[in-house]
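>>> Show me how the following folds:
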Amino acid sequence: MRADGIAVTALRERRQIGNTTIEIVPHKTNSISDIDSAIIIKYFDGNREHCVVNTNDIIFDDAMIDALRRAVNEPDILFCGYTGAGPYPQTYFDFDDPKLLEEAEKKRLVFFDRYLRLSRALNAKVNIPFAGKYILGGKLAKLNAYRGVADAIEVMTIDPKALVLADGGGEINTSDLKPTAVRTERYSLADIQRREDEICAHKMDYERLIDAQEIHQLPIKRLLVAAARRASGKSECETDYFFVISLPNNELAIINANKMPERLIRFAKNTSELPEPRSEIHIDPRYLFGLLANVYHWNNAEVGSQYNTRRTPNELNREAQSFLNYLST
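I've put the predicted structure just below:
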């Protein structure tokens with residue numbers, strides 16, 4: 001935010017504004033990549049305390065759940081994630097790979113389990129399955145069917161306290177907990193397809209801003225060397241893990257995310273002798289240029305399914321993955 005010229009005041013303790021209390025509960029893992037937090041709003045009306053908790057975008061591990069339970073007990077309303085935008089599994093498998101649909105269903109159920117775990121721990125009067133609703137557009141529209149993303153209405157089959165507010169005006173207050181308007185039916189496949197048809201022809205910013213014929217002029221290799229040095233200085237990965245990035249002219253950039261690598265980066269022609277463990281990244285060179293130049297951000301690129309990855313073995317190394325967040329100049 002500071003880099004974008006926005007003045008920032010860190011809220012390190014509860015903030016009292018009249019009869020309202022605002023509390024931020026950060027998700028801490030002692031990593032420099034920690035960015036997630038929950039927010040708790042409490043209001044005392046003279047008779048009782050009203051409380052709303054928004055836990056969107058936090059990781060529901062034991063430490064975070066314990067922190068929330070210490071901060072709040074049985075709130076009126078809990079906004080809780082039930083699904084999430086992310087690249088897995090739709091950008092990690094070929095479309096004809098049977099594991100793609102298996103992993104999509106597994107992801108959907110894992111998010112439901114997380115939702116139930118947190119909602120049961122906080123025991124709010126009303127749970128609102130919140131955020132996670134999105135459709136990929138442009139050339140990425142073909143990925144929508146494989147994201148493992150649920151409709152919020154599905155949560156109502158597993159949680160009797162769940163309530164889905166209507167789009168464009170559904171409201172609820174903490175006094176009587178009666179919503180003004182709700183949605184009770186899943187979005188129809190026809191409506192979803194209609195929206196996909198509207199946005200599938202749209203171009204990404206980088207496709208409009210940089211002519212594909214000019215890719216050869218982008219200083220990608222030079223930027224990669226500088227970016228790798230910067231990311232290595234912030235790496236929390238203590239073992240060898242390699243990112244193999246496809247470049248124009250059939251070249252590969254091979255970068256070791258290890259914080260103390262024997263060799264940080266090298267370039268090679270396409271070869272079957274690639275190091276392991278690794279993630280092979282296939283990305284439009286124009287978007288890669290924007291990421292390296294810090295016009296775009298790797299986390300947005302990942303969440304937005306902007307590049308394809310093939311892992312060997314297919315296992316997540318979270319410390320290595322966070323290395324990419326700093327792969328920029």
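>>> Can you show me the helices along the stretch 1-150 of the chain?
62-71, 99-122 (DSSP state H, counting those that start in this stretch).
>>> for the stretch 201-329 of the chain, that is, sorry about that
Under DSSP H, counting those that start in this stretch, the stretch 201-329 of the chain gives helices at 205-209, 220-234, 285-292, 298-303, 318-323.
>>> Can I get the ones you listed in a markdown table including mean neighbour count, distance to R311 and mean pLDDT?
In short, each C-beta sits where N, CA and C put it, glycine included. Below are the helices of the stretch 201-329 of the chain laid out as a markdown table (neighbours: other Cβ atoms under 10 Å; distance: least, Cβ to Cβ, whole Å; pLDDT from 0 to 100):
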| stretch | mean neighbour count | distance to R311 | mean pLDDT |
| --- | --- | --- | --- |
| helix 205-209 | 13 | 25 | 93 |
| helix 220-234 | 17 | 18 | 97 |
| helix 285-292 | 22 | 19 | 97 |
| helix 298-303 | 16 | 13 | 95 |
| helix 318-323 | 20 | 10 | 95 |
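>>> Could you say which one of those comes nearest to D191?
helix 298-303 (23.8 Å; Cβ to Cβ).
>>> And the closest residue to L143 other than its chain neighbours, how close does it get to D113?
Nearest non-adjacent residue to L143, counting by Cβ to Cβ, 6 or more residues apart in numbering: Q90, 4.2 Å away. From Q90 over to D113 the distance is 20 Å, taken as Cβ to Cβ, to the nearest Å.
>>> Compare the two (neighbour count), which wins?
Each of Q90 and D113 has its neighbours counted (other Cβ atoms under 10 Å); Q90 has more, 24 against 11.
>>> ok, G290 - contacts?
For G290, the contacting residues are 206, 296, by Cβ atoms under 8 Å, 6 or more residues apart in numbering.
>>> For F130, see how far away A124 is.
From A124 to F130 the distance is 12 Å (Cβ to Cβ).
>>> again, but for N249
46 Å.
>>> Neighbour count: the two, which is higher?
Neighbours were counted for N249 and for F130 using other Cβ under 10 Å; F130 has more, 21 against 7.
>>> and the more buried one, bridged to which residues?
G81 (DSSP bridges).
>>> is it true that it touches D57?
No: judged on Cβ atoms under 8 Å, F130 makes no contact with D57 at a distance of 9.8 Å.
>>> which residues do the two both contact?
Joint contacts of F130 and D57 (Cβ under 8 Å, 6+ apart) are G81.
>>> ok, how many other residues are close to A268?
Residues near A268, counting by other Cβ under 10 Å: 14.
>>> how about it, what does it touch?
Going by Cβ under 8 Å, 6+ apart, the list of residues near A268 reads 251-252, 254.
>>> in stretch 24-41, what counts as buried?
Judged by neighbour count using 16 or more other Cβ atoms under 10 Å, the buried positions of stretch 24-41 are 25, 27, 33, 36-41.
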